[in-house]
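**Student:** Okay, predicted coordinates and the sequence, questions at the end:
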Amino acid sequence: MVSQEQRRRQLAREKFLRQQQRRTAARRKTHARNAVVASVLGVVVVGSVVSYATGVFKNDDKKANAGAEVTPSATPTSKAPDPCEKAAEGKVKSLSWKTEPAVTIDKSADYTMKMATTCGDIDVALKTAEAPHTVNSFNFLAAKGFFDHTKCHRLTTNGIYVLQCGDPTAAGSGGPGYTIPDENLKDKTLKGGVYPAGTVAMANTGQKHTGGSQFFLVYQDSQLPASYTPFGTISKSGMTVLKKIAAAGESTGQGDGAPNATVVINKMTVTKS
């Protein structure tokens, strides 16, 4: 027979355990959200054999995330209608180089990047003088057709607000086989730790000078450390397209996943003007 005092103590213990479980779940939820913000832009860009990814890419190597604290996945919300068209015929080229291409662009000239996507054209004025290695790399890769038929694989709608593109694998682990140096990290537009809406910047592994081909487009002011090379500004019409993509949401319902919109770069061009 359990005494009244023993029963009271048992109920108190059970209540305490429930409180601890709720607190642990809340801490894990906060940890996961912060991990999204801190590592959303980590990518594989080191060589064509070794791949590296930080944080929460859905298709990351399990070993890379073995020590990460994981929260149960929420049930994805119902998908918004896909606002984009069918992708043009063609497939992603398998291309890789061992070293960064020599800088051949005219550093004093203006260059424009056009992303002809399934959702509309996104034009970007490039910061040639401030980020010559980055602009030169995009000029080189675009001319080789590296970006053609690639998917923009990631959209974040919580904490930071970016669309990430430039990965030929569409899994967050691809690159051109070489890396380029960080540039323009003291850009005057980066005020108060904010990458303003309309910025185009390089993704990286979280380490210095690890940019490759992956980049992100900011559709709403986003709080980020100034460690991602800002190399372009999106046109007004391009922002309309980008916001349409963002409005369709992402696939997980948690603020970080594949965009519901089928965003494929049919053709990427870089033009000297």
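**Tutor:** Great, that's in hand. Not measured: the values here are computed from a predicted model. Numbers count the residues shown, from 1 in each chain.
**Student:** what are the ranges of the strands in the protein?
**Tutor:** Under the criterion DSSP state E, the chain contains strands at 111-117, 120-126, 150-151, 154-156, 162-165, 194-195, 199-202, 215-218, 222-223, 230-234, 256-257, 264-272.
**Student:** Of all these, which one comes closest to Ala248?
**Tutor:** strand 154-156 (8.5 Å; CB to CB). Using the backbone N, CA and C atoms, a C-beta is placed for each residue, glycine as well.
**Student:** Which elements pack onto that closest one?
**Tutor:** strand 162-165, strand 256-257 (3 or more CB pairs under 8 Å, 6 or more residues apart in numbering; DSSP states H and E).
**Student:** List the neighbouring strands of the last one plus their orientation.
**Tutor:** Here strand 256-257 is paired, per DSSP bridges, with strand 154-156 (antiparallel).
**Student:** what bits of the chain have low per-residue confidence?
**Tutor:** By pLDDT under 70, the low-scoring segments of the chain are 1-9, 12-13, 15-80.
**Student:** residue nearest the centroid of it?
**Tutor:** Gln164 (3.6 Å; CA atoms, centre = their mean).
**Student:** For that residue, give the beta-bridge partners.
**Tutor:** Bridge pairing for Gln164 - DSSP bridges - gives Arg154, Phe216.
**Student:** show me what contacts Glu100?
**Tutor:** By CB atoms under 8 Å, 6 or more residues apart in numbering, the contact list for Glu100 reads 133, 137, 178-180.
**Student:** could you dump those to a markdown table with neighbour count?
**Tutor:** Shown next, in a markdown table, are the contacts of Glu100 (neighbours: other CB atoms under 10 Å):
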| residue | neighbour count |
| --- | --- |
| His133 | 20 |
| Ser137 | 26 |
| Tyr178 | 19 |
| Thr179 | 22 |
| Ile180 | 23 |
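**Student:** Switch those over to a markdown table; also include distance to Lys151.
**Tutor:** Below are the contacts of Glu100 laid out as a markdown table (distance: CB to CB, whole Å):
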| residue | distance to Lys151 |
| --- | --- |
| His133 | 25 |
| Ser137 | 20 |
| Tyr178 | 22 |
| Thr179 | 22 |
| Ile180 | 22 |
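**Student:** picking that back up, wouldn't the residue nearest to the centre of the chain be in contact with Arg154 here?
**Tutor:** Yes. Gln164 lies in contact with Arg154 (CB atoms under 8 Å); the separation is 4.0 Å.
**Student:** could you pull out the helices for this structure?
**Tutor:** 4-39, 132-143, 236-247 (DSSP state H).
**Student:** Flag every buried residue along the last one.
**Tutor:** Which is helix 236-247. Neighbour-count burial for helix 236-247 flags 238-239, 241-242, 245-246 (criterion: 16 or more other CB atoms under 10 Å).
**Student:** Now do that helix against strand 111-117, angle only.
**Tutor:** On the basis of axes from the mean of the first three to the mean of the last three CA atoms, to 10 degrees, helix 236-247 is oriented at 40 degrees to strand 111-117.
**Student:** And the contacts of helix 236-247?
**Tutor:** 80, 83-84, 115, 117, 119-124, 152, 155, 157, 161, 163, 197-198, 217, 219-220, 234, 259, 261, 263.
**Student:** got it, and the second one?
**Tutor:** Contact with helix 132-143 is made by 100-101, 103-105, 107, 111, 113, 126-128, 147, 176, 180-181, 183-184, 202, 211, 213, 229, 231, 268-270, as judged by CB under 8 Å, 6+ apart.
**Student:** Any of those residues buried? List them.
**Tutor:** So, by 16+ other CB under 10 Å, the buried ones in the contacts of helix 132-143 are 100-101, 105, 111, 113, 126-128, 147, 176, 180, 183-184, 202, 211, 213, 229, 231, 268, 270.
**Student:** State the number of residues packed around the closest residue to Gly255 other than its chain neighbours.
**Tutor:** The shortest distance from Gly255 to any residue other than its chain neighbours is 2.7 Å, reached at Asn158 (CB to CB, 6 or more residues apart in numbering). Here the number of neighbours of Asn158 (other CB atoms under 10 Å) works out to 13.
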